[in-house]
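> A predicted structure for the sequence below; I have some questions about it.
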Amino acid sequence: MILGFLGKGGSGKSSVATQMALHAHARGSNVLAIDADHNMDISYNLMRGESIGTERYLGAALKEVLDHVGARDGESYADVFLRGCDTRFTIAPADPFTEQYSVMARERLRLMVAGPQTDTVLYGKSCSHVLTTPLKVYLPLLEPEENDVVVVDEKAGADGVTTGIVTGLDVGVIVCEPALHSLKTARQIAELMKFYGTPSLFVGNKVGTSEDKDFIAEHLGEEPVTYLMESTAVRREPSEPVAEWQDEMAAILEQANMLNKNDRLQRTKDKFERNKQYKGS
Ligand SMILES: Nc1ncnc2c1ncn2[C@@H]1O[C@H](COP(=O)(O)OP(=O)(O)OP(=O)(O)O)[C@@H](O)[C@H]1O
Ligand SMILES: [Mg+2]
């Protein structure tokens, strides 16, 4: 199961993604946490501030991932998908590419990181979305085993969707807080996810009162799968599982399993086909 964590800036994507990684790990799953945001908050949480080493950053490895999946000279990643590609990535045991571009944050918990801003980005040669481009190739070809859990911590707002990696997700977890713009953004993200055909679910976060719950449900137009309460623990000890959130994490996983259509690769091919038609029109 590959879960992406989306939502407005500051809604709690990285905190909830970290908690999901820790929850699945405690349940005995093999876990791959992928940090797709150049602010690197889930990396910070899982590594307790230690660096994974710049040579492992996936964001700078577009050529390497393309070579790995057998792209021929001048072929784009879209071409590779459209003509078909036999390469698959795995978590446990990890295939050599995954092994090279990740570290074990704990036993059975691997971390892969797109990386921080680079000179390419800082000096305007390309925008920061380039750092997630290798994930457009990696995620659709990643094949977790039945009980493996992958969490992808995404960029804030609609950017998390438009970097184009969401067709590689099984389910999007849209995190929102009881604030008007957070809820508006959550609905926009859900609409965009529908466009890409990736199922999604809502999680209400930073809830203090029952009025907060009502506010969230009213502005989403539906009840979220679960509500996560305001928690001092998640702020002070973001690297540790929050004891009171374990039932909620289980509820999110259960709902995600029900929504999962197991069609990531096909949705990705459909996207590249659609893009090709559009460019040709
Ligand atoms: N339920 C909660 N209770 C208390 N504080 C929370 C809760 N969830 C998140 N926070 C705090 O809110 C802040 C933002 O959380 P987090 O970094 O997880 O959000 P984000 O959506 O990933 O942000 P960004 O858009 O910068 O990536 C952090 O300081 C975090 O500790
Ligand atoms: Mg974040």
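Right, received. Where do you want to start? Every value quoted in this text rests on a predicted model; they were computed, and no experiment measured them. Residues are numbered from 1 along each chain as shown. Ligands and ions are numbered 1, 2, ... in the order given.
> in which helix or strand does Gly204 reside?
strand 200-207 (DSSP states H and E).
> between strand 200-207 and the helix or strand just after that strand, find me the angle.
Per DSSP H and E, the first helix or strand lying C-terminal to strand 200-207 is helix 210-220. Going by axes from the mean of the first three to the mean of the last three Cα atoms, to 10 degrees, helix 210-220 is angled at 150 degrees with respect to strand 200-207.
> now what about helix 210-220, what contacts it?
Counting contacts by Cβ atoms under 8 Å, 6 or more residues apart in numbering, the residues outside helix 210-220 that touch it are 176, 178, 180, 183-184, 186-187, 202, 204, 206-207, 223-224, 227. No exception for glycine: its C-beta is placed from N, CA and C like everyone else's.
> of the residues you listed, which belong to strands?
If you go by DSSP state E, the contacts of helix 210-220 have 176, 202, 204, 206-207, 227 in strands.
> what's the most distant pair in the residues you listed?
Using Cβ to Cβ, the ones in strands among the contacts of helix 210-220 span at most 13.6 Å, a distance reached by Phe202 and Lys206.
> between those two, which one's more packed in?
Remark: of Phe202 and Lys206, Phe202 carries more neighbours, 26 against 22, as counted by other Cβ atoms under 10 Å.
> what bridges to the more buried one?
Ile174 (DSSP bridges).
> which bits of the protein sit near ligand 2?
13-14, 41 (Cβ under 5 Å from the ion).
> can you pick the most crowded of these?
Going by other Cβ under 10 Å, Lys13 tops the residues of the chain next to ligand 2 with 29 neighbours.
> now the strands for the stretch 1-150 of the chain?
2-6, 31-35, 103-106, 109-113, 149-153 (DSSP state E, counting those that start in this stretch).
> can you redo these as CSV with mean neighbour count and mean pLDDT?
Shown next, in CSV, are the strands of the stretch 1-150 of the chain (neighbours: other Cβ atoms under 10 Å; pLDDT from 0 to 100):
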stretch, mean neighbour count, mean pLDDT
strand 2-6, 27, 98
strand 31-35, 28, 98
strand 103-106, 16, 97
strand 109-113, 24, 98
strand 149-153, 27, 98
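> okay if I get those strands as CSV plus distance to Asn257?
Formatted as CSV, the strands of the stretch 1-150 of the chain follow (distance: least, Cβ to Cβ, whole Å):
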stretch, distance to Asn257
strand 2-6, 10
strand 31-35, 16
strand 103-106, 24
strand 109-113, 20
strand 149-153, 10
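> can you redo those strands as CSV with distance to ligand 1?
Below are these laid out as CSV (distance: least, Cβ to the nearest ligand atom, whole Å):
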stretch, distance to ligand 1
strand 2-6, 8
strand 31-35, 10
strand 103-106, 17
strand 109-113, 14
strand 149-153, 7
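> OK, now which residue of the stretch 51-200 of the chain is nearest to ligand 2?
Residue nearest to ligand 2 within the stretch 51-200 of the chain (Cβ to the ion): Asp153, separated by 5.8 Å.
> so Ala61 touches Thr98, yeah?
No - the pair Ala61 and Thr98 fails to qualify as a contact (Cβ atoms under 8 Å) at a distance of 11.7 Å.
> figure out which of the strands of the stretch 1-150 of the chain is closest to Asp270.
strand 2-6 (17.2 Å).
> now do that closest one: which elements does it pack against?
Here strand 2-6 touches helix 13-26, strand 149-153, helix 159-162, strand 171-176, going by 3 or more Cβ pairs under 8 Å, 6 or more residues apart in numbering; DSSP states H and E.
> surely Leu265 touches Glu143?
No - Leu265 lies out of contact with Glu143 (Cβ under 8 Å); the separation is 9.1 Å.
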